[in-house]
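Participant: Everything below, folded, please.
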Amino acid sequence: MAESHWHLGALALDQGDLVQAEQETRTALALAEASGYGWLRGGAFRTLADILLKQRRFDDASEVYRRALEHARQVGSRRQQADCHEALSALAEGRGDYREALGHARQHAALQAVLLEQLVVAERLPELQQYDLSQKPPIEQLLDLSTDALPLDASAAGAALEPALERVVRASLGILRIEFVAIWLRERAGADVVCCSVAGPPGLPLAPGRVLAAAELPLYHRLHAQVSDPLVVHDARLHPAAAELPALFGPAGVRSLLEVPLRVRGDDLGFVSFGQLGGQRNWTRDDVLFGTHLASLVERILGQLEHVAIQQALERSNEALELRVAQRTRELELANLALEEASLTDPLTGLRNRRFLLRYLDADVALSVRRHEDRATRLVDADLLFFLVDIDHFKAVNDHWAMPPATRCWCSCASGCAWWCARPTTWCAGAARNSWWWRANRTATRRRCWPSGSAWRWPSAPSSWRTAPRWR
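Facilitator: Predicted coordinates:
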């Protein structure tokens, strides 16, 4: 508010409204003196003196310059002292008081010499800086911190968050030359914020893990929920939530604050507080830029942490999906095998059915034919025998004893044939109605069946079969 009145006074002075300019400037000066705003007092004194000079009120202007000179001595500003001595020398010369004018002129010259010497030394600092390797300048420290990728291990991303934030807050103290830094993160489930990392003097009443409930500091929470730009506060007493700051920083309080919000993909994650405890800090444009860049590093760390969490969740989801797919594939394979087995087996007797013989009989006959045509294998396992077994009087058994006993009789006969075909030299035959087919081979081990009512046509026997196939 004091700065607003001061700017309004300067604007009225430019427009020529000296009465309004004097009123606004005196209001700004009173507010600055009440709040201890030293920098604004110096500027307000200078503006008020210019107004009085334009009004030709030289005595009042001299009094204002004397007050400004006393203030400049208190704050140690040689530049303001030199300007005040120069103005007082000119006013004393106008009044004809040459002795006073000469005294102010000599003091002005002495201060100018000191300022000139400091200016020469300051101009030589960049030349000498390359030989000073004891400490890097703030801009180099910030670049070193920025070039580091701050990697987070995917296997321990949560454990790597705290060291990464600790490194940023420690470096911030040297980059901004401030007394404390604190990183506050907002909980996802509510509006409370938690102090995740802090660096400062031992007496600072802040510690990692401290929770600031919205009910405890409602104005402070509401302010940071609405602000999207850095909050620059030269004097903490002018903070929008100044009444709640003692509850946060203790009775000692904080003198200056620079608070930068943290946002990742538009989500409000919290804020970073840079502060001065011992004395007031007038934040410069470079301070705000450096603080904003440090906050962006914290945002990058939080973004990497969120990326690692999403990646781990996707990996777990993919593993679970692959496991389900493998399980379903195995179930389908077993179901297909069961269906195929059921399609090739007679459900009553358990022997192979007509479908099975139709699938394999062509290949077996062709194999036997090839072996008979080959002289080397003609006498070795080349014979193929088929047997037809018929059960006599089965219809009478069925008519007399009905279905269950007839079925048991049928299954018993089938089991007997299957037992006989279980020899290593025989391939089992199948069952259909009241007769069975089976074929035998010397060294075969598979079991197959063929129904008697089929329309199978036997292939013509090779010319080498001069006699009937041999069975041993």
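Participant: ranges for the helices of this protein?
Facilitator: In the chain, helices defined by DSSP state H lie at 2-15, 18-35, 38-54, 58-75, 78-95, 98-129, 138-147, 157-176, 218-226, 245-249, 285-343, 354-373, 394-401, 403-420, listed in chain order.
Participant: worst average pLDDT in those?
Facilitator: Among the helices of the chain, helix 98-129 has the lowest mean pLDDT, at a mean of 73.
Participant: Could I get the contacting residues of residue 84?
Facilitator: 65-66, 68-69, 72 (C-beta atoms under 8 Å, 6 or more residues apart in numbering). All C-beta atoms are positioned from the backbone trio N, CA, C, and that covers glycine.
Participant: between those residues, which is nearest residue 298?
Facilitator: The shortest approach to residue 298 among the contacts of residue 84 belongs to residue 72, at 40.0 Å (C-beta to C-beta).
Participant: That closest one and residue 6, how far apart?
Facilitator: 17 Å (C-beta to C-beta, to the nearest Å).
Participant: hmm, back to that, which of the helices of the chain sits most buried?
Facilitator: helix 38-54 (a mean of 21; mean count of other C-beta atoms under 10 Å).
Participant: residues making contact with that one?
Facilitator: Contacts for helix 38-54 (C-beta under 8 Å, 6+ apart): 2-3, 6, 9-10, 13, 18, 21-22, 25-26, 28-29, 32-33, 58, 60-61, 64-65, 67-68, 71-72, 74-75, 77, 80, 83, 87, 234, 280, 282.
Participant: The same query, at a cut-off of 7 Å, please.
Facilitator: 2-3, 6, 9-10, 13, 18, 21-22, 25-26, 28-29, 32-33, 60-61, 64-65, 67-68, 71-72, 75, 77, 80, 87, 282 (C-beta atoms under 7 Å, 6 or more residues apart in numbering).
Participant: Tell me which of the helices of the chain sits nearest to residue 197.
Facilitator: helix 157-176 (4.0 Å).
Participant: what residues does the closest one touch?
Facilitator: Contacts for helix 157-176 (C-beta under 7 Å, 6+ apart): 138, 141-142, 145, 150, 152-153, 181, 183, 196-199, 274, 287, 290-291, 294, 297-298, 301, 305, 308-309.
Participant: repeat for stretch 205-215
Facilitator: When contacts are defined by C-beta under 7 Å, 6+ apart, stretch 205-215 is touched by residues 182, 191-198, 200, 221, 249-250.
Participant: swap in stretch 193-204?
Facilitator: 162, 165-166, 169-170, 173, 179-187, 206-212, 270.
Participant: try 8 Å
Facilitator: 161-162, 165-166, 168-170, 172-173, 179-187, 206-212, 221, 224, 249, 252, 270-271, 277.
Participant: send the alpha carbons of stretch 277-288 over as CSV?
Facilitator: Extracted in CSV, the C-alpha atoms of stretch 277-288 (Å, rounded to 0.1, in the frame of the first residue of the first chain):
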residue,chain,number,x,y,z
LEU,A,277,14.9,-14.5,9.1
GLY,A,278,17.5,-12.1,10.5
GLY,A,279,17.0,-9.0,8.2
GLN,A,280,14.8,-7.8,5.5
ARG,A,281,15.6,-9.0,2.0
ASN,A,282,14.6,-6.9,-1.0
TRP,A,283,14.2,-9.6,-3.7
THR,A,284,15.7,-8.7,-7.1
ARG,A,285,14.6,-9.9,-10.5
ASP,A,286,17.5,-12.4,-10.5
ASP,A,287,16.4,-13.8,-7.1
VAL,A,288,12.9,-14.4,-8.5
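Participant: what does it contact?
Facilitator: 36, 38-39, 176, 178-180, 200-201, 204, 230, 232, 234-235, 249, 252-256, 258, 274.
Participant: Now the buried members of the residues you listed.
Facilitator: 38, 176, 178-180, 200, 204, 230, 232, 234-235, 249, 254-256, 258, 274 (16 or more other C-beta atoms under 10 Å).
Participant: so of those, which ones are in strands?
Facilitator: Using DSSP state E, the subset of those located in strands is 180, 232, 256, 258, 274.
Participant: residues contacting residue 98?
Facilitator: Residue 98 makes contact with residue 92, according to C-beta under 8 Å, 6+ apart.
Participant: If we use 10 Å, what do you get?
Facilitator: With contact taken as C-beta atoms under 10 Å, 6 or more residues apart in numbering, residue 98 is in contact with 89, 92, 105.
Participant: Got phi/psi on the nearest residue to residue 250 once chain neighbours are set aside?
Facilitator: Of all residues not flanking residue 250 in the chain, residue 205 sits nearest, at 3.9 Å (C-beta to C-beta, 6 or more residues apart in numbering). For residue 205, the backbone dihedrals (degrees, to the nearest 10) come out as phi -80, psi 40.
Participant: ok, now how distant is residue 205 from residue 219?
Facilitator: Taking C-beta to C-beta, one finds residue 205 at 19 Å from residue 219.
Participant: Residue 235 too?
Facilitator: In terms of C-beta to C-beta, residue 235 sits 18 Å off from residue 219.
Participant: same deal with residue 346?
Facilitator: Residue 346 is 87 Å from residue 219, by C-beta to C-beta.
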